[in-house]
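Asker: Quick one, what's the 3D model for this:
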Amino acid sequence: MSLTLAPTTPFECLPVAPEHLPELARQRFKQPDWRFGHLIARAQQDHILIETLLLQPAQGRGVILSAELLAGVREYPAITPHVPAAHWAERAVGDMFGVRAVGHPRWKSILLHHDAWPLDLTPLLPDAGTSREPYTFFKVKGEGIHEIPVGPIHAGIIEPGHFRFSCLGEVITNLEIRLGYQHRGVERRLCEIPWQQAHFLAESASSDTAAGNALAHARAIEQLLDITPPPRAVALRTIALELERLSNHIGDIGALSGDIGYSVGASLFPPLRGAVLALCQLLTGTRRQRWFIVPGGVARDLDDGRRTAMVQGLAELTQRLRKHIPLVIEHPGVIERMEGTGRLSPGLARDFGIVGPAGRASGSRYDVRATFDRDALPFTPAHREAGDVLSRAQIRVEEIFAAIGIIDAQLAQLPDSPIAVDLAGAVLPAERAGIGLVEAWRGELLHWITTDETGAIARYAIKDPSFNNWTGLAIAIRGNLVADFPLCNKSFNLSYSGNDL
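Answerer: Presented below is the predicted three-dimensional model:
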């Protein structure tokens, strides 16, 4: 099947031979202006295609390298040795399609647990589960090395995940993260339900990123249909996305304070987050902003009364933030505890494709709002070079005030237009791909939809920013004390369910 893309899409599809895939990916990835986007597989009759999305943010474009395997072939040369950021994506393809990336340096399951899940638990190819191998943890050997297993069930209300620490005394020499406990078969189910209803499931991929997922889904569908949402809808979507960023970053400042025992910050910031959630409810009708962003626009307009209340509430929130944030971010004790802890070097951050505040704290300037988002206001991403917990906290603070500025500007100049394109009777085109990219609060979020010869969704792939960044956490904690892990973990604050689709 030869895929097409809408004329307005910034991506192109390039068919390649499987044996040439690693070298073509390497040639682009070694250039500083290219980065790894995602790698997926999809079935086409008796063939499997391996498709790799590479992005060139500075130009706002990208390329899909599409490699078709011969009938019955279930392996291809791995690109991970050349593009380390692909290592989890290739393992996920192994789980869900039973395709082996030959030459992958750490080949093992990532989502489907051999000792827990039934073989038929929602693989994307019916017999994919039969190829699964027992999971083995990486072993660190040497005198004095011991292991500390933590999870998957934790003491708090966080989602399940297993952390296997290899330690020399109290110093962490290696951390292996095993997830998949939240696997729900989301991508397969999105291929089974009518596309007109898919946004309800798509925005549920990770509940703290409902607006981000809904927007990425909407953009992918709009690419497929080659439509543009009205200006007022674009503005309201932007407000929702920035409110979601604001609420989560404010919550993280309080949580970071709690992890170092700084009770002032831990007590001041939850009420501020609550104030943002109240603004979310004014805009969308729900505090988590569910059922608001839809393909073609938004489901609810903002009247003058609620708009005035939002402007006033945002002004009051800004005053409180300017008063309370210095109590945390400029406190000598906080700085001493965070500075130098959990350092992730810029080189490793680039190699493994770390995105969002975590990536920009380690030298990256990549932000979808400043590259692929044609609807965004002029925007300069915050960035640092140190790559430690303090840098990640500082990035969050800068993004808090940047989000306030974006929201305020949109509220001040809401365009007068309809709030949605009427999609009644719309039919998805056959054999077309649509990719929705969004700068969610954790970073680059991607929804990738491919239709078959009838126009039905044949493959739906989601890449949460956490899928990139769990590796960053595992690297950043090396050489730190066991007691540093909660702080380092919270400075990334990654999604389990967003990873375990």
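Asker: Give me the pLDDT value at residue 217.
Answerer: Residue 217 is assigned 98 on the pLDDT scale.
Asker: If we ignore the residues flanking it in sequence, what's nearest it?
Answerer: residue 202 (3.8 Å; Cβ to Cβ, 6 or more residues apart in numbering). All C-beta atoms are positioned from the backbone trio N, CA, C, and that covers glycine.
Asker: That neighbour: neighbouring residues, count only.
Answerer: 25 (other Cβ atoms under 10 Å).
Asker: Check the gap between it and residue 457 for me.
Answerer: Distance from residue 202 to residue 457, counting by Cβ to Cβ, to the nearest Å: 11 Å.
Asker: Give the intersection of the neighbour lists for the two.
Answerer: residue 190 (Cβ atoms under 8 Å, 6 or more residues apart in numbering).
Asker: circling back: so the residue nearest to residue 217 touches residue 447, yeah?
Answerer: Yes: distance between residue 202 and residue 447: 6.6 Å, which falls inside the contact criterion (Cβ atoms under 8 Å).
Asker: Overlap of the contact sets of the two?
Answerer: Contacts common to residue 202 and residue 447, judged by Cβ under 8 Å, 6+ apart, are 213, 216, 217, 460, 462.
Asker: Among those, which one sits closest to residue 192?
Answerer: Closest approach between these and residue 192, by Cβ to Cβ: residue 460, at 9.6 Å.
Asker: before we move on, back to that, show me the contacts for the residue nearest to residue 217.
Answerer: 190, 213, 214, 216, 217, 447, 460, 462.
Asker: secondary structure element for the second one?
Answerer: Per DSSP states H and E: residue 213 is located in helix 210-225.
Asker: Convert that helix to CSV, retaining C-alpha atoms only.
Answerer: Extracted in CSV, the C-alpha atoms of helix 210-225 (Å, rounded to 0.1, in the frame of the first residue of the first chain):
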residue,chain,number,x,y,z
ALA,A,210,-6.2,14.9,28.5
ALA,A,211,-6.0,18.2,26.6
GLY,A,212,-2.6,17.3,25.0
ASN,A,213,-3.9,13.9,23.8
ALA,A,214,-7.2,15.3,22.6
LEU,A,215,-5.3,18.0,20.6
ALA,A,216,-2.8,15.6,19.1
HIS,A,217,-5.7,13.3,18.1
ALA,A,218,-7.6,16.2,16.6
ARG,A,219,-4.6,17.4,14.6
ALA,A,220,-4.0,13.9,13.2
ILE,A,221,-7.6,13.6,12.1
GLU,A,222,-7.6,17.1,10.6
GLN,A,223,-4.5,16.2,8.6
LEU,A,224,-6.3,13.1,7.3
LEU,A,225,-9.3,15.2,6.3
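Asker: From the chain's centre, how far out is the helix or strand following it? Work that out for me.
Answerer: For helix 210-225, the succeeding helix or strand toward the C-terminus, using DSSP H and E, is helix 231-259. Between the centre of helix 231-259 and the centre of its chain there are 15 Å (Cα atoms, centre = their mean, to the nearest Å).
Asker: which helices and strands does helix 231-259 pack with?
Answerer: Counting contacts by 3 or more Cβ pairs under 8 Å, 6 or more residues apart in numbering; DSSP states H and E, helix 231-259 packs against helix 210-225, helix 263-284, strand 297-298, helix 304-329, helix 389-412, strand 432-440, helix 485-492.
Asker: Fine, thanks again, bye for now.
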